[in-house]
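Colleague: Quick one, structure for this:
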Amino acid sequence: MINSYKHITWKYIKGNKKRTILTLIGIILSVALISSIGFFLKSMQKAKIEDMKNAYGSWHIAYSKVDDALITKIKSNPNVLRSGVYAEGKEIDINDNLKAKEVFITSQGAELLPYSLKEGRFPEKDTELVLEGWFLDKIKKDGKLGDSIKILNKEYTLVGILKDTYKSQVTKTGEIITNSSNINDNDRILLAELNVNRNLGKNIDELEKLSDKKFVMRNDYLLSMLGEEMPKGLLGILVIITTIVMVATIAVIYNAFQISVVERVKQFGLLRAVGATQKQIRKIILREATFLAIIGIPIGLCFGIIALYGIDLAFKIISTREVVFIEPTITIDVLIISTVIGLLSIYISALLPATFAGRISPLVAISSRNSISKEKLKKRKSLIIEKIFGFEGALASKNIKRNRKRYRTTVFSIIISVTLFITFKAFMDMSLNVYDKMNESRDIHFSIILNGDFSTEPKKINEEIIKNIEDMPETEAVYKVYNQYLFQSVIDKSKELKKIKDIGNVYEDTNYNGENKTLLDASLSVYDENSLKVAKKYLKEGSINVEDLNNKNGVIIIGKNEIFNRKTKKYYYGPIANLKVGDEIPIQSYDDGLGLEEKIEFGKRQVKKVKVLAVLEGDPFDFNGYGNAIKMITTKEVAEKLTSKDIIPSRVDIKIKDTNLENSAKKNIESIISSSEDLQLINIIEENRTSKSSILMIKILLYGFVIVVSLIGSVNIINTLTTNIILRRREFAALKCIGLTQKGLRKIITLEGMLYGIKGSIYGSIIGTFLSYAIYKNMNYVREQSYRLPLDSILITVAGTMIIGYISVQAPLRRMKRENLIEAVREDF
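Modeller: Predicted coordinates for the structure are as follows:
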């Protein structure tokens with residue numbers, strides 16, 4: 001019986017520092033990925049909850065037609081955190097172009113409503129009021145907190161200023177928010193916020209029963225972010241990704257242990273021969289796993305936290321006031337779950353090699369015959385590889401399969417790395433296709449719109465006003481925005497997409513010039529020169545040149561549509577037709593240009609042709625037209641030829657150099673447009689800041705995952721191939737002793753790495769493609785889109801695997817070059 005066998009673990013770890021370090025790096029990165037995913041999702045959930053509260057209020061359930069008995073029941077309910085009452089009053093005409101709506105609140109009701117204070121506080125008396133900044137300027141120029149405000153012969157004291165909202169500015173209806181304790185029972189609305197716990201959904205169901213169902217409303221937007229119900233598709237995606245991460249974590253650690261055990265078979269055989277039991281052999285491997293877990297998991301958790309705070313810090317440095325990043329959230333449950341997953345992964349990874357090591361027959365192990373397979377006499381030789389790469393290639397091809405377990409472990413390791421990257425990259429691309437709306441509209445700070453009655457005479461924005469705004473010191477760019485025009489168009493049947501045909505309400509069959517064609521609408525957007533310049537950033541194919549567009553009746557196609565599928569009740573994101581540069585599209589205008597009249601047979605009106613000169617990946621600016629149409633962009637000159645109308649801007653969007661210049665820019669613009677009563681200034685800085693922050697959070701999360709996944713995959717391949725070479729030093733030394741040159745050895749090892757990489761990449765690409773399709777099917781439960789084979793990801797992984805494989809063998813080769821061949825050959829362990 002061996003009593004001091006336990007110290008062998010520590011001795012082996014110390015004697016193989018490089019392999020131990022590589023294994024530790026794999027564990028650290030895996031745990032860091034798991035924990036950072038958890039931390040980031042928690043932080044994003046918290047940020048999204050705040051967004052929902054700002055947009056819809058922090059209440060969970062609301063009641064109309066409220067009596068005192070119901071208020072008492074709600075207040076006394078132990079599950080209710082806080083409650084409050086508010087009521088909407090009448091709409092007041094301030095002047096011909098401005099309205100106001102009364103809102104009466106109680107002290108706690110204000111906290112539950114979606115009002116964001118810019119400065120000050122909410123009213124506590126009926127003589128105090130809160131207004132939006134833009135509305136205050138209309139009521140009292142340069143008004144400030146503490147000022148007396150007179151509205152309809154009633155005096156109020158201004159105690160708070162709200163952030164501006166886009167909707168209220170466009171509708172020119174401001175809210176007069178005051179405090180009132182005497183609200184009529186029929187008018188008041190009771191809001192309640194519950195304690196957020198696992199029983200939230202159940203508690204809301206119980207509170208719903210306290211009143212007639214038609215007088216009860218849930219805040220579904222907020223409740224969905226609190227996790228009351230997860231959509232089926234998102235749950236499926238989460239399961240796939242979590243499983244992949246766990247399998248990858250297990251694979252990273254498993255391959256290190258498996259190669260280590262296979263190469264130490266002789267050692268374990270000797271231990272068994274001198275009296276070690278199967279249990280003791282298993283304990284040696286599991287003690288090694290425990291040591292790595294004790295060191296790797298805490299460091300991995302720390303790296304996960306550092307990654308989150310690092311992104312937060314970088315975001316604050318580069319974003320200035322443009323965007324607001326999420327507040328990092330570290331929770332105990334994420335730390336515990338990450339630790340448990342890490343431990344399970346490590347012990348599962350070590351258990352199979354430990355079991356294999358424990359069952360080794362001493363005689364077979366000592367003779368080293370258990371893992372080497374002899375070739376059959378009639379086995380075909382690798383003639384093609386030998387012809388291309390010579391003797392070294394043939395030897396490399398034979399070598400990789402000599403040790404079956406090492407071969408399987410190495411190929412499996414590369415398969416996991418390739419699968420991991422392809423799957424995460426596909427998930428990122430699909431998510432960005434749906435959620436990435438980070439276009440030039442997010443950088444717009446002010447808009448000037450036309451107001452008033454358009455039925456009597458057309459109104460326009462004076463060119464001199466636009467020129468004066470462009471000359472402002474605060475202005476970075478000015479974009480003229482024009483109305484959109486709707487046409488009928490025909491395309492060849494070959495340009496149809498199956499996904500669009502399945503939707504059913506986009507394509508129509510028609511006969512044009514004696515040929516069967518497909519009829520669909522086309523929406524034309526007009527861009528000025530500044531807009532066309534920034535559109536070049538979204539170019540997929542072709543070129544954007546104003547002169548070419550004007551001379552060739554040219555149009556630019558936007559390759560992403562948002563189409564509502566009536567069958568599935570979901571939106572489809574993707575191209576509407578397979579249009580390419582050089583295609584010509586016959587179009588026929590509607591009389592009203594809006595598509596409100598009945599469709600007539602194509603060709604009955606004058607048909608004009610436009611030529612596709614470029615295709616864009618997405619919308620350079622927010623698209624407000626008809627989604628079920630080909631989205632085309634052209635110049636003002638071409639649009640006038642196609643519509644036979646004078647094209648004038650209906651809006652001007654303004655981008656300033658720095659949001660710190662907001663106040664001075666606002667004053668200068670107001671001064672410039674003050675001469676025209678038809679113009680109104682809209683401040684959309686706050687609106688875009690919130691939107692931009694949400695989109696950037698999603699992008700950073702997705703790109704962060706792909707980067708960490710790439711690191712894990714790289715470490716996995718480096719770990720496997722490096723360990724493979726280091727543990728075969730004796731074999732390579734023997735080859736050099738019988739005449740193999742250093743150059744020949746380098747070629748053999750490099751070719752082995754390439755052969756492993758090619759086989760692993762082929763299998764990994766197949767599995768990764770199947771998993772990417774599974775994610776696509778689950779994503780379609782949330783948003784529909786067309787599926788694209790992840791060919792770019794496959795090419796990246798194949799090239800990356802080859803490069804990493806080549807780099808990873810260089811250090812061991814340099815080390816072997818300096819070694820004494822006799823000592824290496826004689827080395828037994």
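Colleague: would you list every one of the strands in the stretch 351-500 of the chain?
Modeller: Per DSSP state E, counting those that start in this stretch, the stretch 351-500 of the chain carries strands over the ranges 446-450, 475-482, 485-491.
Colleague: Select from those strands the stretch with the lowest mean pLDDT.
Modeller: Among the strands of the stretch 351-500 of the chain, strand 446-450 has the lowest mean pLDDT, at a mean of 87.
Colleague: Listing partners with orientation, what would you give for it?
Modeller: Paired neighbours of strand 446-450 in the sheet (DSSP bridges): strand 649-656 (antiparallel), strand 679-683 (antiparallel).
Colleague: Quick one: distance of the longest one to the chain centre.
Modeller: A distance of 29 Å separates the C-alpha centroid of strand 649-656 from that of its chain, computed with Cα atoms, centre = their mean, to the nearest Å.
Colleague: got it, and stretch 141-158?
Modeller: In this view, stretch 141-158 has its centroid 46 Å away from the chain centroid, taken as Cα atoms, centre = their mean.
Colleague: Quick one: end-to-end length of that stretch, please.
Modeller: Taking Cα to Cα, to the nearest Å, the first and last residues of stretch 141-158 lie 13 Å apart.
Colleague: residues making contact with that stretch?
Modeller: The contact list for stretch 141-158, computed with Cβ atoms under 8 Å, 6 or more residues apart in numbering, reads 92, 94, 100, 119-120, 127-131, 136-137, 139-140, 159-161, 176, 178. Where C-beta positions appear, they are placed from N, C-alpha and C, glycine not excepted.
Colleague: now do 6 Å
Modeller: Contacts to stretch 141-158, defined as Cβ atoms under 6 Å, 6 or more residues apart in numbering, come from residues Gly120, Glu128, Leu129, Leu136, Lys140.
Colleague: what do you get for stretch 542-552?
Modeller: Leu532, Lys536, Gly554, Val581, Lys611, Leu613, Ala614, Val615, Thr634, Thr635, Glu637, Val638.
Colleague: now the end-to-end length of that stretch.
Modeller: So stretch 542-552: terminal residues 14 Å apart, Cα to Cα.
Colleague: Buried residues, it. List them.
Modeller: Gly542, Ile544, Val546, Leu549 (16 or more other Cβ atoms under 10 Å).
Colleague: of the residues you listed, closest to Ala192?
Modeller: Ile544 (54.4 Å; Cβ to Cβ).
Colleague: now the helices for the stretch 601-750 of the chain?
Modeller: Here the stretch 601-750 of the chain has its helices, by DSSP state H, counting those that start in this stretch, at 636-643, 662-673, 685-726, 729-737, 742-779.
Colleague: and the angle for the fourth one with helix 742-779?
Modeller: Pointing back at helix 729-737 there. Relative orientation of helix 729-737 and helix 742-779, computed by axes from the mean of the first three to the mean of the last three Cα atoms, to 10 degrees: 140 degrees.
Colleague: Then the third one?
Modeller: For helix 685-726 against helix 742-779, the angle between stretch directions is 140 degrees (the same axes, to 10 degrees).
Colleague: Quick check: which helices or strands does helix 685-726 pack against?
Modeller: Contacts defined by 3 or more Cβ pairs under 6 Å, 6 or more residues apart in numbering; DSSP states H and E place helix 685-726 against helix 17-56, helix 232-263, helix 404-435, helix 791-808, helix 810-818.
Colleague: And the next helix or strand past the second one?
Modeller: To tie it back to what came earlier, the one meant is helix 232-263. Beyond helix 232-263 in the direction of the C-terminus, DSSP states H and E gives the next helix or strand as helix 265-273.
Colleague: how far is that next one from where the chain is centred?
Modeller: Its chain's C-alpha centre and that of helix 265-273 lie 51 Å apart, by Cα atoms, centre = their mean.
Colleague: If you average the pLDDT over it, what comes out?
Modeller: Mean predicted lDDT for helix 265-273 stands at 75.
Colleague: got the angle for the following helix or strand past it vs helix 17-56?
Modeller: Sequence-wise, the next helix or strand downstream of helix 265-273 (DSSP H and E) is helix 278-319. Between helix 278-319 and helix 17-56, the angle comes out at 50 degrees (the same axes, to 10 degrees).
Colleague: All the strands of the stretch 1-150 of the chain, residue numbers only.
Modeller: Using DSSP E, counting those that start in this stretch, strands in the stretch 1-150 of the chain cover 61-64, 80-95, 98-105, 117-120, 128-132, 148-151.
Colleague: Give the pairing partners of the fifth one; include direction for each.
Modeller: According to DSSP bridges, strand 128-132 forms sheet pairs with strand 154-162 (parallel), strand 173-179 (antiparallel).
Colleague: Please apply the same query to the longest one.
Modeller: Sheet partners assigned to strand 80-95 using DSSP bridges are listed as strand 98-105 (antiparallel), strand 189-194 (antiparallel).
Colleague: Of the helices of the stretch 601-750 of the chain, which shows the lowest average pLDDT?
Modeller: Minimum mean pLDDT among the helices of the stretch 601-750 of the chain: helix 685-726, a mean of 73.
Colleague: Look up how far Glu670 lies from Ser168.
Modeller: From Ser168 across to Glu670, the span is 17 Å (Cβ to Cβ, to the nearest Å).
Colleague: Out of those two, name the residue with the larger neighbour count.
Modeller: Shown here are Ser168 and Glu670; by other Cβ atoms under 10 Å, Ser168 has more neighbours (18 against 14).
Colleague: quick one, what contacts that one?
Modeller: Counting by Cβ under 6 Å, 6+ apart, Ser168 makes contact with Gly174.
Colleague: what about whichever strand or helix holds it, distance to the chain center?
Modeller: Per DSSP H and E: Ser168 is located in helix 166-171. Put simply, helix 166-171 sits 30 Å off its chain's centre (Cα atoms, centre = their mean).
Colleague: Can I get that helix in CSV, CA atoms only?
Modeller: This file holds the C-alpha atoms of helix 166-171, laid out as CSV (Å, rounded to 0.1, in the frame of the first residue of the first chain):
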residue,chain,number,x,y,z
TYR,A,166,-40.2,64.1,-28.9
LYS,A,167,-43.9,63.3,-29.0
SER,A,168,-45.0,66.3,-26.9
GLN,A,169,-42.9,68.7,-29.1
VAL,A,170,-44.3,67.4,-32.4
THR,A,171,-47.9,67.5,-31.1
